[in-house]
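Predicted model and sequence follow; I will ask about them next.
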Amino acid sequence: MTQIACVQTLFSGTCERQGEAAYGRWGGQTLRLVPGRVEVSADNRSFRLLVEQGPNCGFPAG
């Protein structure tokens, strides 16, 4: 499964509220859904933007 397919499976249709987050894993990386975007980290400390969340809490096809 590709990374974006994993993001879609885990988080599509899910929106987080300000101050909240949802987490998942893809291989050795942590995925974090925060309001409006998914971030990724290899060390669980420094996260970077992976993909922005679109309308209706969806993600672009990939």
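Arrived safely, thanks for sending. Only a predicted model underlies this, so the values are computations on that prediction, with no experimental measurement involved.

and stretch 14-29, how far from the chain's centre?
Taking C-alpha atoms, centre = their mean, to the nearest Å, one finds the center of stretch 14-29 at 5 Å from the center of the full chain.

Name the residues of it that are buried.
Neighbour-count burial for stretch 14-29 flags 16, 26 (criterion: 16 or more other C-beta atoms under 10 Å). Yep, even glycine has a C-beta here, placed from its N, CA and C like the rest.

Outside of that stretch itself, list whatever touches it.
Identification of contacts with stretch 14-29 by C-beta atoms under 8 Å, 6 or more residues apart in numbering yields 1, 3, 6-7, 10-11, 30-35, 40-42, 53, 57.

I'd like the average pLDDT over it.
Computed over stretch 14-29, the mean pLDDT rounds to 96.

now for it, what's the gap between its first and last residues?
Length of stretch 14-29, first residue to last, C-alpha to C-alpha, to the nearest Å: 20 Å.

Make 52 the starting number, not 1.
I'll keep to 52 as the first residue from here, and by that count the last item is stretch 65-80.

Tell me which residues touch residue 57, please.
With contact taken as C-beta under 8 Å, 6+ apart, residue 57 is in contact with 75, 77, 82.

Neighbouring strands of the host helix or strand of the first one in the sheet, and parallel or not?
It refers to residue 75. Per DSSP states H and E, residue 75 falls inside strand 73-77. Next to strand 73-77 in the sheet, as set by DSSP bridges, lie strand 80-85 (antiparallel).

So for this structure, the centremost residue is which one?
For the chain, the residue nearest the mean C-alpha position is residue 89 (3.0 Å; C-alpha atoms, centre = their mean).

I'd assumed that one was in a helix, is it?
No: assessed with DSSP: H, G, I helix; E, B strand; the rest coil, residue 89 is strand; it does not lie in a helix.

Tell me the pLDDT of it.
Reported pLDDT for residue 89: 97.

Kindly indicate whether residue 56 is helix, strand or coil.
Secondary structure, three-state DSSP: residue 56 is helix.

returning to that earlier point: nearest to residue 100, of the contacts of residue 57?
Nearest to residue 100 among those is residue 82, at 11.6 Å by C-beta to C-beta.
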